[in-house]
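Trainee: Here is a sequence with its predicted model. Questions after.
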Amino acid sequence: IMLDMSYDPTGMLETLGDKLGFMSRRVNGDLKRFREFIEDRETATGAYRETLENPNVPDGFTSGRPGADLHG
């Protein structure tokens, strides 16, 4: 999983917490726990696995393989 996140702290406390690295540690911890959750499942979730067109994102796809057959 790759996460690209931007964060604009508001106020003195959030700015201080950001400078001390609290937000990045929190996000890294959440991603680690998510990875452990997924890897420990051992079975597929049954989630939707097709590629979806989305003209609002680069390359026009939200997930899957660009150029994949979207209709069958």
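Mentor: Received the coordinates, thanks.
Trainee: max-length helix in this protein?
Mentor: In the chain, with assignment by DSSP state H, the single longest helix is helix 22-41.
Trainee: what does that helix rub up against?
Mentor: The set of residues external to helix 22-41 that reach it, using CB atoms under 8 Å, 6 or more residues apart in numbering, is 1, 3, 5, 7, 9, 17. C-betas here are computed from N, CA, C, even on glycine.
Trainee: Drop anything exposed from these.
Mentor: With burial judged by 16 or more other CB atoms under 10 Å, the buried subset of the contacts of helix 22-41 is empty.
Trainee: Adding secondary structure and distance to Thr45, write these out as CSV.
Mentor: Conversion of the contacts of helix 22-41 to CSV gives the following (DSSP: H, G, I helix; E, B strand; the rest coil; distance: CB to CB, whole Å):
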residue, secondary structure, distance to Thr45
Ile1, coil, 15
Leu3, coil, 20
Met5, coil, 23
Tyr7, coil, 29
Pro9, coil, 34
Gly17, helix, 34
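Trainee: thinking again about what came up before, what distance separates the longest helix of the chain from the centre of its chain?
Mentor: 11 Å (CA atoms, centre = their mean, to the nearest Å).
Trainee: nearest to Asn56, of the contacts of helix 22-41?
Mentor: Met5 (18.0 Å; CB to CB).
Trainee: Report the contact partners of the closest one.
Mentor: When contacts are counted by CB under 8 Å, 6+ apart, Met5 touches Val27.
Trainee: Only C-alpha atoms, please: export the longest helix of the chain in PDB.
Mentor: Listed next in PDB are the C-alpha coordinates belonging to helix 22-41 (Å, rounded to 0.1, in the frame of the first residue of the first chain):
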ATOM      1  CA  PHE A  22       3.100  12.700  16.000                       C
ATOM      2  CA  MET A  23       1.000  12.600  12.800                       C
ATOM      3  CA  SER A  24       3.600  10.600  10.800                       C
ATOM      4  CA  ARG A  25       4.000   8.100  13.600                       C
ATOM      5  CA  ARG A  26       0.200   7.800  13.900                       C
ATOM      6  CA  VAL A  27      -0.200   7.200  10.100                       C
ATOM      7  CA  ASN A  28       2.700   4.700  10.000                       C
ATOM      8  CA  GLY A  29       1.200   2.800  13.000                       C
ATOM      9  CA  ASP A  30      -2.300   2.700  11.300                       C
ATOM     10  CA  LEU A  31      -0.700   1.400   8.100                       C
ATOM     11  CA  LYS A  32       1.200  -1.300  10.000                       C
ATOM     12  CA  ARG A  33      -1.900  -2.400  11.800                       C
ATOM     13  CA  PHE A  34      -3.900  -2.500   8.500                       C
ATOM     14  CA  ARG A  35      -1.200  -4.600   6.900                       C
ATOM     15  CA  GLU A  36      -1.200  -7.000   9.800                       C
ATOM     16  CA  PHE A  37      -5.000  -7.200   9.700                       C
ATOM     17  CA  ILE A  38      -5.000  -8.000   6.000                       C
ATOM     18  CA  GLU A  39      -2.100 -10.500   6.200                       C
ATOM     19  CA  ASP A  40      -3.700 -12.300   9.100                       C
ATOM     20  CA  ARG A  41      -7.000 -12.900   7.400                       C
END
